[in-house]
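S.K.: Any chance you can model this:
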Amino acid sequence: MIRHAIAAFSPLCSLSRPFFAALIGLGFAASLDAAEPPPGFRKLFNGVDLSGWHGMPHFNPYELAAMPEEQRKARIAEWTADAKKHWRVENGELVNDGHGAYLTTDEEFGDIELLIEYKTVPKADSGIYLRAVPQIQIWDYTKEGGKWDLGADKGSGGLWNNSPGTPGKDPLVLADKPFGEWNRFRIVQVGERTTVWLNDKLVVDHARWENFWNRKLPFPRKGPIQLQTHGGEIRWRNIFVREIPAEEANAWLRKKSGSDFVDIFNGKNLDGWAGPVDNYEVKDGMLVCKPGKGGTIYTKDEYGDFVVRFEFKLPLGGNNGLAIRYPGKGDAAYDAMCELQILDDSDPRYAKLDPRQFHGSAYGMVAAHRGYLRPVGEWNYQEVTVRGPTVKVELNGTVILDTDLSKITEYLANRPHPGKDRTRGHFGFAGHNDPVMFRNIQIKRLDAPTSTADQSGSKGK
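M.R.: Numbering: from 1, shown residues only. Sure, this is the predicted structure:
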């Protein structure tokens with residue numbers, strides 16, 4: 001179906017720095033106890049007043065954004081006045097009496113690492129919203145709290161508003177400290193992927209955080225941080241944040257996707273590739289389409305079901321595509337299973353394209369969600385999973401396309417796609433005259449490779 005978009009930690013300065021040591025959740029109590037942010041982090045709460053924060057209850061951010069500006073400002077002023085009745089600063093701590101609007105950052109955030117401590121009381125219920133979406137759960141984990149039927153026995157830290165049974169919904173372990181003690185969160189949010197440590201124990205591992213406000217849409221790209229109030233006193237302190245730059249986010253996503261991939265581009269030449277290879281060149285380990293050149297280059301090997309991951313950088317208006325199960329000839333958009341768009345769709349020249357032509361879309365068949373590309377000139381990380389007739393595209397940690405092509409019956413310009421039901425083929429790049437760059441191109445088979453003889457005789461439908 002077509003979907004339309006609406007210990008102290010050091011930041012990663014290069015991929016050789018010890019960022020990945022932090023992936024295992026090293027303790028950070030010593031840094032937080034000092035009430036000063038670790039290197040690379042900054043304070044979100046100054047310990048003195050509510051500067052940088054406003055009030056906002058559990059309210060649909062899409063509805064708020066759709067309001068006329070004056071109405072929106074008036075609503076936020078009303079919420080902020082309410083918040084000031086229930087929030088106070090005491091001994092460098094944010095204290096809420098369990099009522100009122102949630103404390104909400106004036107600033108909006110995308111990919112971040114968040115460090116925060118909290119202390120609450122029996123029968124209280126709270127949480128942390130990221131990008132204005134609920135929530136990383138905080139609650140009374142004891143039987144006396146009366147919410148074991150809702151999952152409180154499993155403890156805090158889970159993505160409570162995720163669908164039942166999905167990864168991240170329940171924490172992996174019970175990590176809460178007894179009442180009266182401070183709890184410590186470390187949260188890494190990259191795209192819609194969330195990883196949470198509570199008191200140095202991993203409780204959510206790279207789970208997709210569902211968009212509570214509209215589950216047909218991906219998690220928002222940016223939004224405020226909110227501290228929820230829910231009927232019992234809660235105290236917060238040492239709230240530190242660090243924006244995660246693109247290179248680090250890409251390294252994180254690659255690390256979390258596993259190591260069982262093989263290189264299909266060696267970074268030196270186009271050995272193993274076929275088609276108009278002279279229209280591409282290798283520069284500093286990158287595969288680049290020559291300006292003014294194009295055509296579909298493809299792997300000599302064929303694939304059935306697979307996952308491919310890579311990074312790409314777009315020039316202004318850059319246009320390329322991924323040939324999925326390509327037969328080795330013809331137009332990848334029609335003769336392959338599909339062509340997945342690689343496109344700077346923020347360029348004004350593409351403003352009037354059909355949604356099925358924007359980045360990540362199965363060209364001419366299914367529209368991807370827009371708005372998840374990094375700015376032109378930055379490297380993007382993308383994974384594509386192909387299983388049977390289904391294709392899933394995850395861009396910078398957010399799933400922007402998840403579709404079953406066997407169910408498609410409507411096409412751009414009513415032009416059929418005869419290759420869409422192919423079951424095997426080559427993987428390739430469909431150049432369209434722009435110097436789009438690719439690197440770190442790796443693939444993982446999800447089925448067994450066939451023999452050369454089988455490949456030559458199994459071109460799919």
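
S.K.: Run a quick neighbour tally on the nearest residue to residue 424 once chain neighbours are set aside.
M.R.: The shortest distance from residue 424 to any residue other than its chain neighbours is 4.8 Å, reached at residue 304 (C-beta to C-beta, 6 or more residues apart in numbering). Backbone N, C-alpha and C define where each C-beta goes, glycine included. For residue 304, the neighbour count with other C-beta atoms under 10 Å is 20.

S.K.: which ones are touching residue 304?
M.R.: By C-beta atoms under 8 Å, 6 or more residues apart in numbering, the contact set of residue 304 is 325, 423-424, 445-447, 450.

S.K.: Which one of the residues you listed is nearest to residue 102?
M.R.: Sorting these by distance to residue 102 puts residue 446 at the head of the list, at 42.6 Å, by C-beta to C-beta.

S.K.: Next, that closest one: phi, psi?
M.R.: Per-residue torsions, residue 446: phi -110, psi 0 (degrees, to the nearest 10).

S.K.: just residue 333 next, same as before
M.R.: The phi/psi pair for residue 333 (degrees, to the nearest 10) reads phi -70, psi -20.

S.K.: What residues does it make contact with?
M.R.: Contacts of residue 333 (C-beta under 8 Å, 6+ apart): 321, 339, 363-364, 417, 430.

S.K.: Any figure for the gap between it and residue 320?
M.R.: In this view, residue 333 and residue 320 are 12 Å apart by C-beta to C-beta, to the nearest Å.

S.K.: Can you give me the domain boundaries for this structure?
M.R.: 18-244, 257-457 (automatic domain parsing).

S.K.: Show me the shaky parts of the stretch 301-450 of the chain.
M.R.: Scanning the stretch 301-450 of the chain with the threshold set as pLDDT under 70 gives 450.

S.K.: hey, where'd the helices end up in it?
M.R.: 332-335 (DSSP state H, counting those that start in this stretch).

S.K.: Quick one, grab the pLDDT at residue 32.
M.R.: Residue 32 carries a pLDDT value of 47.

S.K.: same deal with the one 5 residues further on?
M.R.: At residue 37, the predicted lDDT confidence score is 96.

S.K.: Three-state assignment for the residue lying closest to it once chain neighbours are set aside, please.
M.R.: The shortest distance from residue 37 to any non-neighbouring residue, by C-beta to C-beta, 6+ apart, is to residue 240 (4.1 Å). Of the three states, residue 240 takes strand under DSSP: H, G, I helix; E, B strand; the rest coil.

S.K.: Who are the contact partners of residue 240?
M.R.: 32, 37-38, 41-44, 114-116.

S.K.: Return the subset of these lying in strands.
M.R.: Those of the contacts of residue 240 mapping onto strands are 42-43, 114-116, per DSSP state E.
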